[in-house]
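In: next input, structure requested:
(one chain, ligands or ions: 1)
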Amino acid sequence: MAPMTRHRAAGGIPTHENAAYYARRAKADVGLILSEGTWIPHASAGNHMSVPRFYGADALAGWKVVLDAVHDAGGRMMPQLWHAGMVRNPQDMAVLNPGVPSIGPSGLGFEKLGDAAPAKLSRPMSLADVDGVIEAYGIAARSAEQLGFDGIEIHGGHGYLIDQFFWNVTNKRSDRFGGKIRNRSQFAAEIVRECRRTTRSDFPISFRFSQWKVANYGAILVHNPGELEQFLDPLLMAGVDILHCSTRRYWDPAFDRSPLSLAGWTRRISGKPTVIVGSIGLDRIYESRHFEPANYVANSAPLDRLLSMYANDEFDLVAVGRALLVDPNWATKVRAGRGREISPFTPKARDIYY
Ligand code: PHB
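Out: Predicted structure coming up:
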């Protein structure tokens, strides 16, 4: 199950309702659940009060209830550890810790979705800020291990803090965290290394990254396989176990002149298990942010396309998001060849929570 923000944890505390939601899917053949993004213990991490925290006795006790329910149902689960960076608007009264300044590599953020260029919204992160975030990731990773989670996923995609370091549009630093793509990967690598240090050596660490950003679907982080290799190398040296390649449509070729997906290239370059994701199981093409259909053209890539990419060794794991919102039994039905019984995704899924 792919991570999906649901805004159902009032005050940042996971509930019994959240536990039932995840356990229902664990019971129905979802092997591994990546949780919705959850805030690391850092005052500037969170941009919504209704998104669960991954710190504080109240929130961690809530997570334990969720995890036990998933384990009892036969599933496995990893929390997705998240810092929103400059996407967080400290003036928004619904934000976690209003008034605390937001932070990013160069203090740059997008004021509106679709803005062509970011604006200077605050000062660049100091090295003390950098250390504080790295430390907070390590603390969260240790909490995950202590609670009994099956690993962690670090959210390095979609335009949030770690991705703001990756992308040269939001990272204008001239220290070792800025400049070439390899340097822009350094912050993420130090986070992975810290999580490795604070947990047992075989505790699985998944890292999610993307070319696209919530505010800019067409953004490009790496332009070719050589840049992807430079980008990945520091993460690999830091000890990452799983690479989760977030694309909005799994069948899209990552680069010109080859049909290989981002997961496919990442697997070839890294030799690590990779996760493929993006519109898997949807029968139409949707603009995902608002769950609006871009058009009602039937999806050109049903599951047989996925199977042929699997035969081509492009990925090890399949993350399913939206299709699992409407039909918690999606995996069971696919496994049993009962695809015709699947309830199709509809834009109303945003309001469904069971
Ligand atoms: C969202 O709430 O729209 C959202 C959250 C996290 C993501 C992407 C989108 O990584």
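In: dihedrals phi and psi, the residue in the stretch 201-350 of the chain that the ligand sits nearest to?
Out: For the stretch 201-350 of the chain and the ligand, the shortest gap (Cβ to the nearest ligand atom) falls at residue 214, measuring 5.0 Å. Heads up, the C-betas are built off the backbone N, CA and C, glycines and all. Note on residue 214: its backbone torsions stand at phi -60, psi -40 [degrees, to the nearest 10].
In: from what I can see it touches residue 155, true?
Out: No. With contact defined as Cβ atoms under 8 Å, residue 214 does not count as touching residue 155 (11.8 Å).
In: neighbour count for those two, which is higher?
Out: Set side by side, residue 214 and residue 155 show more neighbours around residue 155, with 27 against 17, by other Cβ atoms under 10 Å.
In: now the closest residue to the ligand within the stretch 1-150 of the chain, nearest residue through space, not along the chain?
Out: Closest approach between the stretch 1-150 of the chain and the ligand, counting by Cβ to the nearest ligand atom: residue 5, at 3.7 Å. In space, and not counting its chain neighbours, residue 5 is closest to residue 36: 5.1 Å by Cβ to Cβ, 6 or more residues apart in numbering.
In: ok, now residue 142?
Out: residue 198 (4.3 Å).
In: what's the burial count for the nearest residue to residue 108 once chain neighbours are set aside?
Out: Spatial nearest neighbour of residue 108, chain neighbours left out: residue 118 (3.9 Å); criterion: Cβ to Cβ, 6+ apart. Applying other Cβ under 10 Å, we find 22 residues neighbouring residue 118.
In: okay, strands next: where are they in the stretch 251-354 of the chain?
Out: Ranges of strands in the stretch 251-354 of the chain, per DSSP state E, counting those that start in this stretch, are 274-277, 284-287, 292-298, 317-319.
In: average pLDDT for the third one?
Out: Mean pLDDT, taken over the full extent of strand 292-298, equals 46.
In: just stretch 32-39 next, same as before
Out: On average, stretch 32-39 scores 98.
In: what number of residues are in the vicinity of the residue of the stretch 151-300 of the chain found nearest the ligand?
Out: Using Cβ to the nearest ligand atom, residue 158 is the residue of the stretch 151-300 of the chain that sits closest to the ligand, at 3.8 Å. Residue 158: 21 surrounding residues under other Cβ under 10 Å.
In: bridging residues for it?
Out: For residue 158, the beta-bridge partners are residue 213 (DSSP bridges).
In: quick check: residues of the chain near the ligand?
Out: Within reach of the ligand by Cβ under 6 Å from any ligand atom, the chain has these residues: 5, 37, 158, 214, 289.
In: do that again at 5 Å, thanks
Out: Residues of the chain found near the ligand (Cβ under 5 Å from any ligand atom) are 5, 158.
In: quick one: the spatially most central residue of the chain from residue 90, how far?
Out: Note on the chain: the residue nearest the mean C-alpha position is residue 155, at 4.3 Å, using Cα atoms, centre = their mean. Residue 155 is 20 Å from residue 90, where distance means Cβ to Cβ, to the nearest Å.
In: and residue 195, by the same measure?
Out: Where residue 90 is concerned, residue 195 sits at a distance of 27 Å (Cβ to Cβ).
In: residue 341 too?
Out: Distance, residue 341 to residue 90, by Cβ to Cβ: 47 Å.
In: settle it for me: which of those two has more neighbours?
Out: Each of residue 341 and residue 90 has its neighbours counted (other Cβ under 10 Å); residue 90 has more, 16 against 12.
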